[in-house]
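Sequence below, structure please.
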Amino acid sequence: MQKRPRTPRALLRLAYAASGSDDGLAADLLELADRTPPPLAAAALRHAARLTTDATVRADALLAAARQVWLAGRPAEAGKLLRRVAHEPRLRVRVRGLAAEIAVHADGSAVDDLLSAAGQLPRESALDALLLATEVVHRAGDHERYVEVARHVLDRRSGPGSTSEDLVAGLTALYADDPRTGIAHLHAATTRAGVSDRPDELIRAATAGVLAGAGDSAYALATRGVRLARLNGETATVPRALEAAAFAGLAGGRYPDAELAAVEGADEALRTGQPALAEVHFGILAVLAALRGDRATTLHRVHRAGAADSSTGPGQARALCEWALGLLDLIEGRPAATVARLARILVTPSGRGNAVLQVAATPHLIEALAAAEVSLGEPTAAPGRRNPGAAEGHRLLDATEGRWHLDATEGLDAPVVSQAFDQFERWASATGRAPWLALRARSRALLAADPDDAADLFREALREHDRGDTDFARAHTELLYGRHLRRHRQPGAARAHLHAAAAAFTALGAGPWAAEATQHLRAAGAPAMTYQPRSAGSPAVMYQPLAAGGPAMTHQPQAPAGPAMTHQPQTSGGPAMTHQPGSGGASASPEQPGTTGLTAQQDRIARMVAAGATNREIAQQLYLSPRTVDHHLRNVYARLGVRSRTELARRIPPG
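Prediction:
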């Protein structure tokens, strides 16, 4: 017998030329599919299905081809292959499961099919179906049903555990309100995946890391998943890995890295026919813009998420958009509106909720409640924070028996707020992670009735921030502490914290927050100041008083290191760009000639202009509003002392 060629392409050429049936060649093609990336594997499986004489082998090959085509980023083609085997009773559950998997990322539906399939499939396949269901459960999930199905699957496990099982067990415990047990399982999942070379396992481990409060390790796992998915040709998996990286960056305070991952993730999700996943990326981008106080870009991204007017419960994209819009309300002096928006994340009309975002949004809910209280007619209230509809001197919050209760007469659901804060406290304590312990202490400070107790808690929060390397969160705590000290007539002590907040927010490109800190500084008797933003890659932020008599000060936020990731979105008409998230802090790329004094976002825009991109092209590639790009570009011109795009191109080498 003539020996068949063994290289993949040679074997595929032979298959293309073959006519009729050839079971031997079909067997070789099936073996080839096990060791090649999805695009080649899909071709091999389709040829095997054509050449085999065995109907069972043919059906199995077509189903396997559908999965490989889906992984290669062609969902419509995968659906056609599934329809060819949908009549097979033996494969009905598996066909239904894969169809549901595709639908989850295409339109966010099919969680019922996934959960039902999980109860009928073999254990390992059931775990896969269940883990896919968790992606939807996070968005609008039926937590009680999830716990029921998860326990049914876990009861059938045998032998050593796996990353998937640890993640399922951890989520089950979290949904059952047992954060300590849940986080122990989630930590085990991240540890098991440390040596994995499977993108799907790394994505799940990264998700576990985010849920356990370990943003930095989750980011490292997710970016490894991105690289391996690309290497393996799993095109459809890339935006899922980027979603995990974006959430990890958001949770870990690595906002530039999160933004780059989400920008690329949205591009890849749209390119591979996963619009529901793209909406989640746009939701993350909206939150990141809102954290900077960038209204125009936030609204632009909320619109792209397609979640602005949805009335169907808080899917993940919608919940992210509510969070983003609530943040805008907070910075613009509408704390009651923030509370109303965040309540839609905490509890839905059906009693369901997005568990992850519930925890993440709770510190902002507490801040909004405190801001509403601050504005109740007090003469030292924060500028622009008054609530004209509230009664003079009325207190919204009261501490009773160690638990916080909200006065229900304000039209807010007291048990909901109390439960939300209680859940956040217990989850943050269970993580043992400094960034979350800092937010726990800060929230307690905002709720404290005694000013001295509040000051002690603010100082505790700052000590935890020192251990946690989260520049933005620390700046926010400095602002809130400074505001507290000023309200309680300690302007000298307040100024040091407000100086630090204003400088850090300026460095991080959060202009509205910097403006608020500066406004409080003036009210505390400080001279007018100018704050110089940190240059890309530089850890120092310098600021100098404009009036005589004040010393120059230096604030040095720390930036954690992280793995690099390349971002090259493909958009028509605009130049390709390469980003290297992973540097942490406010900088996403090393300092290069000509960029001194720019924030990370300004540096990125300046380099794109130098490469020849128009404002509209930049807005499209970075999912910014054209108005925001124009604003950044004017600041770039002013800080670099140039007057035109031509001068900027001469000043900055494209990169």
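
could you pull out the strands for the stretch 401-550 of the chain?
403-406, 529-531, 541-545 (DSSP state E, counting those that start in this stretch).

quick check: longest helix of this structure.
helix 355-374 (DSSP state H).

Return the member of the strands of the stretch 401-550 of the chain having the minimum mean pLDDT.
The minimum mean pLDDT among these belongs to strand 541-545 (a mean of 32).

so what's P527 scoring on pLDDT?
Confidence score, pLDDT, at P527: 73.

What is the burial count for it?
13 (other CB atoms under 10 Å). Heads up, the C-betas are built off the backbone N, CA and C, glycines and all.

i'd like the first residue to be 615 from this point on
New numbering, starting at 615: the last item is P1141.

per-residue confidence averaged over whichever helix or strand G879 is part of?
G879 belongs to helix 869-885 when assigned by DSSP states H and E. Mean per-residue pLDDT for helix 869-885: 93.

Ok, stretch 714-734 next?
pLDDT averaged over stretch 714-734 gives 70.

for the longest helix of the chain, which positions count as buried?
Buried residues in helix 969-988, defined by neighbour count with 16 or more other CB atoms under 10 Å: 969-988.

helices or strands up against that helix?
In this structure, helix 969-988 packs against helix 930-945, helix 949-960, strand 1011-1014, helix 1028-1045, helix 1048-1061, helix 1085-1101, with contacts taken as 3 or more CB pairs under 8 Å, 6 or more residues apart in numbering; DSSP states H and E.

Mean neighbour count, the ones you listed: which tops it?
Most buried of those by mean neighbour count (mean count of other CB atoms under 10 Å) is helix 930-945; its value is a mean of 26.

between that helix and helix 949-960, what angle do the directions make?
Put simply, helix 930-945 runs at 160 degrees to helix 949-960, going by axes from the mean of the first three to the mean of the last three CA atoms, to 10 degrees.

quick one: helix 930-945 to helix 969-988, angle?
Going by the same axes, to 10 degrees, helix 930-945 makes 20 degrees with helix 969-988.

what bits of the stretch 615-764 of the chain have low per-residue confidence?
Scanning the stretch 615-764 of the chain for pLDDT under 70 picks out the ranges 615-620, 718-725, 748-756.

Got the confidence number for C935?
In this prediction C935 is given a pLDDT of 92.

In the chain, what helix or strand scores lowest on average pLDDT?
When each helix and strand of the chain is scored by mean pLDDT, DSSP states H and E, strand 1155-1159 comes last, with a mean of 32.

secondary structure element for the spatially most central residue of the chain?
Nearest to the mean C-alpha position of the chain, counting by CA atoms, centre = their mean, stands F861 at 2.4 Å. Per DSSP H and E: F861 is located in helix 852-865.

residues of that helix that come out buried?
In helix 852-865, counting by 16+ other CB under 10 Å, buried: 852-865.

which one of those is nearest L944?
L864 (17.0 Å; CB to CB).

Nearest residue to the closest one in space, ignoring adjacent ones along the chain?
A872 (4.5 Å; CB to CB, 6 or more residues apart in numbering).

Next, work out how far apart the one you found and G829 are.
Plainly put, A872 is 9 Å away from G829 if you go by CB to CB, to the nearest Å.

overlap in contacts of those two?
In terms of CB atoms under 8 Å, 6 or more residues apart in numbering, A872 and G829 are both contacted by the residues A862, G863, L864.

surely the first one meets V824?
Spelled out, that is A862. Yes: the pair A862 / V824 is scored as a contact, 5.4 Å apart, by CB atoms under 8 Å.

Give the intersection of the neighbour lists for those two.
Between them, A862 and V824 share the contacting residues A832, judged by CB under 8 Å, 6+ apart.

still on that earlier bit, where among the helices and strands packed on helix 969-988 is average confidence lowest?
Mean pLDDT is lowest for strand 1011-1014 out of the helices and strands packed on helix 969-988, coming in at a mean of 37.

in the stretch 1165-1269 of the chain, which spans are strands?
Counting by DSSP E, counting those that start in this stretch, the strands of the stretch 1165-1269 of the chain are 1167-1169.

any idea which helix or strand carries the nearest residue to P813 once chain neighbours are set aside?
Closest residue to P813 apart from its sequence neighbours, by CB to CB, 6+ apart: A843 at 4.1 Å. Assigned by DSSP H and E, A843 falls within helix 829-846.

Next, the angle helix 869-885 makes with that helix.
Here helix 829-846 runs at an angle of 30 degrees relative to helix 869-885 (the same axes, to 10 degrees).

On the three-state scheme, D811 is what?
Here D811 is coil, with the state taken from DSSP: H, G, I helix; E, B strand; the rest coil.

Can you tell me how far the spatially closest residue to it that is not a sequence neighbour is from A890?
Ranked by CB to CB, 6+ apart and with sequence neighbours excluded, the top spatial neighbour of D811 is L842, at 6.1 Å. Noted for L842: a distance of 23 Å to A890, by CB to CB.

ok, now which ones touch the residue nearest to G866 when sequence neighbours are not counted?
Spatial nearest neighbour of G866, chain neighbours left out: G829 (2.3 Å); criterion: CB to CB, 6+ apart. Contact analysis of G829 by CB under 8 Å, 6+ apart lists G823, A862, G863, L864, A865, G866, G867, R868, P1049.

Distance from the helix holding A843 to the middle of the chain?
In terms of CA atoms, centre = their mean, to the nearest Å, the centre of helix 829-846 is set 14 Å apart from its chain centre.
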